[in-house]
Structure formats: structure tokens, C-alpha cells
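1. Here is my input; please provide its structure:
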Amino acid sequence: MNINHYRTFILLLFFICFVTSCNTKPDINKVDKTTLHVIDSIKHYYPIAHKKELNIPFRIVNTGKNTLYIDSAETSGNCIIIKNSPGGPVKPGRETFFNLQYKSEGLFGYNKHYITFVANTYPHTRHTLVFDVIIVPDEFGYGDGFDYRYEPSYNKKGGIKEAVEGDETQQGYYVDSSELKYK
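-> Residues are numbered from 1 along each chain as shown. As a prediction, this is how the structure comes out:
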């Protein structure tokens, strides 16, 4: 073999090692366990008009002493697209995000969805994120067919449109007081 064959062989070997090392994830059951906290793990979004899309971020904080790895994530429906799944390592004290896109086209009324993910956490490895939303059909317009809490009398500033789609300056959702007491 001449020198060019050796160079080609070494470059090929280096390339194979590089590609396979980038695609390996640690086995969740074999790495050290840690803990996590999801900020607002249950979100209740304000009613939205039919065909509107929601961008839904879930903030996850590694509260343990070891690196956090998130192995897999599943959604409860094909109307949810995971735009960013935090698969990489998250150092202790750092945070990451699940960024979801929710498409309401073809859906009406009350909709509740779940996102389940697996991580190297103690005492459980499976975690569930929840959000719900009321989708107001176009033919109802703004004002018919949604919960009484969103009537104009409860929202003088922005009127019916803001009551249905939420105040753009706010987060667009609220959480249960029962969830807050566990923080």
C-alpha cells in the first residue's frame, strides 16, 4: 500500500468515528439520576379562534446534582409538532425548553393534550406536560360558544377579541392554584 491508501483509510476511519460518536445518546437507565422541575407543567390557554396556531414553550430546570438527559418525547395528537426537543445534556442548575407548535385547524371546543417524555430522573423517569384550550369555530364569531369567564364584562380593556385570543402582552395561559402550592 502506498501513502495515499493509508491517508484515505485513516480519514475514513476518523469520519466513521466522528459520525457515530455524534449520534449516540446515553442509556437513561445507566447514567446517574437527577431531578427536574417544569415551570407551569399544566397550562390552560385562553380560547383561540379556529385555524390559529399556538407556540407553546415548556421550561424545564435541572434541579439535581447530575446532568439531565431527555431520551424521547411523544405527543397525544398529530396537531402538536415538537419544534425543539431538549435531547442534549443539561447541566445542573441550567434550563432547557420543549417548544411546541399547536395547530387548531379542524378542531373545535375543548381540547386537552399531553406530551410525555423520558429522562434520567429520580424517582420516576416518565414526565407529562399538559395543556388545554377552547377553540372557537369561525361561524360562531367572537362571542358565542365559549365559556362564560371570557364574556366582555370580564374583560373591559380589549373586548371580545382579546377575551378569545388573549392579551398579546401576557403569557396567554393561566395555571391552576393547585399546581402552584407544590412549588
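2. Alpha carbons of stretch 91-102, in PDB - could you do that?
-> Taking C-alpha atoms only, stretch 91-102 is exported to PDB below (Å, rounded to 0.1, in the frame of the first residue of the first chain):
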ATOM      1  CA  LYS A  91     -26.000  20.700  33.400                       C
ATOM      2  CA  PRO A  92     -27.200  21.000  37.000                       C
ATOM      3  CA  GLY A  93     -28.900  24.400  37.700                       C
ATOM      4  CA  ARG A  94     -29.400  25.000  33.900                       C
ATOM      5  CA  GLU A  95     -32.700  25.100  32.000                       C
ATOM      6  CA  THR A  96     -33.900  23.900  28.600                       C
ATOM      7  CA  PHE A  97     -37.200  24.200  26.700                       C
ATOM      8  CA  PHE A  98     -39.700  22.000  24.900                       C
ATOM      9  CA  ASN A  99     -41.000  24.200  22.200                       C
ATOM     10  CA  LEU A 100     -44.300  23.000  20.700                       C
ATOM     11  CA  GLN A 101     -46.500  24.200  17.800                       C
ATOM     12  CA  TYR A 102     -50.200  23.500  18.100                       C
END
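3. Would you mind listing the buried residues in that stretch?
-> Glu95, Thr96, Phe98, Leu100, Tyr102 (16 or more other CB atoms under 10 Å). C-beta here means a position set from N, CA and C on the backbone, and glycine is covered the same way.
4. Show the model's pLDDT score for the first one.
-> By that I understand Glu95. pLDDT recorded at Glu95 is 94.
5. residues near the closest residue to it other than its chain neighbours, how many?
-> In this structure, Glu95 finds its nearest non-sequential neighbour in Val61, 4.6 Å apart by CB to CB, 6 or more residues apart in numbering. Val61 sits with 17 neighbouring residues when counted by other CB atoms under 10 Å.
6. What's the end-to-end length of stretch 36-46?
-> Start-to-end span of stretch 36-46 (CA to CA, to the nearest Å) is 27 Å.
7. So what's the model's average confidence on it?
-> 93.
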